[in-house]
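Peer 1: A predicted structure for the sequence below; I have some questions about it.
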Amino acid sequence: MLKRHSLDAVIIGAGVVGAACAYYAARAGLSVAVVDRGPVAGGTTGAGEGNLLLSDKEAGPELDLALLSTRLWRELAAVLPEEVEYEAKGGLVVAPDETTVNALRSFAAGQRATGVDAVEVGAGDLHDLEPHLAPGLAGGFHYPQDAQVQPAQAAARLLAASGAELYLGEEVTGLVRSGEAVRGVRTPRRELLAPGVVNATGTWGGRIAALAGVTLPVLPRRGFVLVTEPLPRLVRHKVYAADYIADVASESAALQSSAVVEGTPSGPVLVGATRERVGFDRSLSTEALRRLAAQAAALFPVLAGIRVLRTYHGFRPYLPDHLPAIGPDPRRPGLLHACGHEGAGIGLAPATGCLIAAALTGAEPPLDGGPFRPDRFDESGPHRRHP
């Protein structure tokens, strides 16, 4: 078996989070390799819509992470090729009644205190932002900082810019250990040795943790997306109903759906998002697709007669407290985690990469990583967090 020495870090996972970890680690002067059992963006990243959202996050650690990422994505957009399709389109959250408007108003007040730009939009002004919206809505909130990228291209371009060695089509079957410490990875073809190993495998993060003899309770949360025929730009922003925010925060395993509708630079309209915990069941759910189509047409009646060309689905990496696991694992020196971002991994990838690079180099982190500690589930059940 081949052995590759003189690496500073091995990153497992060539999705957008792993790519961002490689990019920022390389910028910090580290020698990096990335290994993945499939192609670049072959997992959850390739099944994502590319959301870069602040609008769906309440004030707290995840929003802090998202605010940092928002700034970093803008910086990346200036240096990455146009193929990443970064678009600062903004988001629009709409409400069907005054009760929901009031709830959104309270939600937005907490966000504004952290630096989010949330602008209330009255019922009479909604159609200035989105002319094809359904009539009768009570109002909403505009989030100018929400944006979008093409996720697979973003991952590919970040990896290319990192200069990392890529080992694709090689599954990590074991971790190289020295006592309690992790010192590399093992695939059927080679060993890659390094003082730092980063678990950026998304929904499969629990499996890599298990190879190290530790527990990380990542579960798959399946979601579907509809893709329409190419259209003129009917939808200007990322538009969704307020109940989407509750779906994101829900702990339910049952099917939940709330339409998120957006146009793309190439023409098709994307319609998400469903959530359900059904393991890694890849079968098509006609009920999920029916709900999405109906909810999208309710928001934008003009879509009712539009053809859906295809659908795709993926698995969001869900952790019980809805926060990702980011940083060193104190239970296994040399092992770091960067997974469990659920549906926000694309948006949170740059900030995650910065936190991982700081941990690998011993630099001052850009924000407090305490809430994301990988071992926080060890004490008193899955919702216990370390102070």
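Peer 2: All right, it came through fine.

Peer 1: who are the contact partners of residue 225?
Peer 2: 47, 49, 270-273, 311-313 (C-beta atoms under 8 Å, 6 or more residues apart in numbering). Every residue, glycine included, has its C-beta placed from N, CA and C.

Peer 1: so which pair among the residues you listed is furthest apart in space?
Peer 2: 47 and 271 (14.1 Å; C-beta to C-beta).

Peer 1: tell me which of those two has more neighbours.
Peer 2: residue 271 (28 against 19; other C-beta atoms under 10 Å).

Peer 1: contacts only, for that one.
Peer 2: 225-228, 259-261, 292-293, 296, 303.

Peer 1: buried subset of the contacts of residue 225?
Peer 2: The neighbour-count test (16 or more other C-beta atoms under 10 Å) marks 47, 49, 270-273, 311, 313 as buried among the contacts of residue 225.

Peer 1: looking at these, which is nearest residue 356?
Peer 2: Using C-beta to C-beta, residue 47 is the member of these that lies nearest residue 356, at 22.9 Å.

Peer 1: how close does the closest one get to residue 88?
Peer 2: Residue 47 is 23 Å from residue 88, where distance means C-beta to C-beta, to the nearest Å.

Peer 1: surely residue 289 and residue 255 touch.
Peer 2: No - between residue 289 and residue 255 there is no contact, the gap being 11.1 Å when judged by C-beta atoms under 8 Å.

Peer 1: and the two? Which one has more around it.
Peer 2: Each of residue 289 and residue 255 has its neighbours counted (other C-beta under 10 Å); residue 289 has more, 19 against 16.

Peer 1: and the helix or strand hosting the more buried one, what other elements does it pack with?
Peer 2: Secondary structure from DSSP states H and E places residue 289 in helix 286-299. Helix 286-299 sits against strand 219-228, strand 238-241, strand 256-263, strand 269-275, with contacts defined as 3 or more C-beta pairs under 8 Å, 6 or more residues apart in numbering; DSSP states H and E.

Peer 1: and of those, who's closest to residue 345?
Peer 2: Per C-beta to C-beta, nearest to residue 345 of the helices and strands packed on helix 286-299: strand 219-228, 11.9 Å.

Peer 1: what angle do the closest one and strand 269-275 make?
Peer 2: Compare the direction of strand 219-228 with that of strand 269-275 by axes from the mean of the first three to the mean of the last three C-alpha atoms, to 10 degrees and you get 160 degrees.
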